[in-house]
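Colleague: this one's structure only:
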Ligand SMILES: NC(=O)c1ccc[n+]([C@@H]2O[C@H](COP(=O)([O-])OP(=O)(O)OC[C@H]3O[C@@H](n4cnc5c(N)ncnc54)[C@H](O)[C@@H]3O)[C@@H](O)[C@H]2O)c1
Ligand SMILES: Cc1cc2c(cc1C)N(C[C@H](O)[C@H](O)[C@H](O)COP(=O)(O)O)c1[nH]c(=O)[nH]c(=O)c1N2
């Protein structure tokens, strides 16, 4: 008869889960770094984001988690369009600009942009850019989850990727 194996050492469990414990654990999840941009009647805006992932390829959909207290919140949600620009290792300083308390004009002055088919700014030398329309939104805790239908994919190069791991930037070559 099968039995559940017993282990000599008990599991080291953190409970209850504090914000700090969650963040410490999340810091060990390596993530791609992106700049999310928007433009339209509510103005141009952009922010650095690691909370981005693929949802489904039919229809091609990404999700983005945006803190509702971010300065870009109204522009992103009211314009209803975003471009997800995936960063290369050459964009570390740019990520700092879009991830800090920098005025919006200074953020965009730090790189070259083109206009995508949705009208969202496309970073000229991104690894790849997903031009999207926000199709659904829901609030979970402090964040707005944006489901984004991909309407165009721009560019693409094979430079080293910029990643974020243990609260610091790193790079990954293909
Ligand atoms: N999902 C996010 O909103 C998110 C993700 C990464 C970084 N940030 C911002 O960058 C700052 C520096 O991050 P850090 O990684 O150097 O240190 P940190 O200790 O603040 O965060 C560690 C990890 O926890 C997660 N995290 C951080 N803030 C979060 C939030 N409000 N909601 C959900 N998950 C969150 C991320 O995975 C992050 O890499 C953070 O304080 C935050 O303002 C936000
Ligand atoms: C590496 C890294 C990764 C992320 C962030 C920062 C950095 C440095 N930030 C924070 C976000 O970029 C930040 O709120 C704004 O750019 C600066 O705040 P204000 O726009 O001034 O409110 C962030 N915010 C968010 O809502 N979702 C996310 O996934 C991330 N990820």
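Modeller: Happy to help now that I have it. Just so you know, these numbers come straight off a predicted model, no measurement behind them. Ligands and ions are numbered 1, 2, ... in the order given.
Colleague: burial count for the residue of the chain found nearest ligand 2?
Modeller: For the chain and ligand 2, the shortest gap (CB to the nearest ligand atom) falls at residue 99, measuring 2.7 Å. The way it works is simple: take the backbone N, C-alpha and C, and place the C-beta from them, glycine included. Counted with other CB atoms under 10 Å, the neighbours of residue 99 add up to 16.
Colleague: per-residue confidence for it?
Modeller: Per-residue pLDDT puts residue 99 at 98.
Colleague: Which residue, neighbours along the chain excluded, lies closest to it?
Modeller: residue 48 (3.4 Å; CB to CB, 6 or more residues apart in numbering).
Colleague: Just the pLDDT at that neighbour, thanks.
Modeller: For residue 48, the pLDDT comes out at 98.
Colleague: need the contact list for it.
Modeller: Shown in contact with residue 48 (CB atoms under 8 Å, 6 or more residues apart in numbering): 33, 34, 35, 36, 95, 96, 98, 99.
Colleague: let's see it at 7 Å
Modeller: Contact analysis of residue 48 by CB atoms under 7 Å, 6 or more residues apart in numbering lists 33, 35, 95, 98, 99.
Colleague: hey, what's it bridged with?
Modeller: residue 35 (DSSP bridges).
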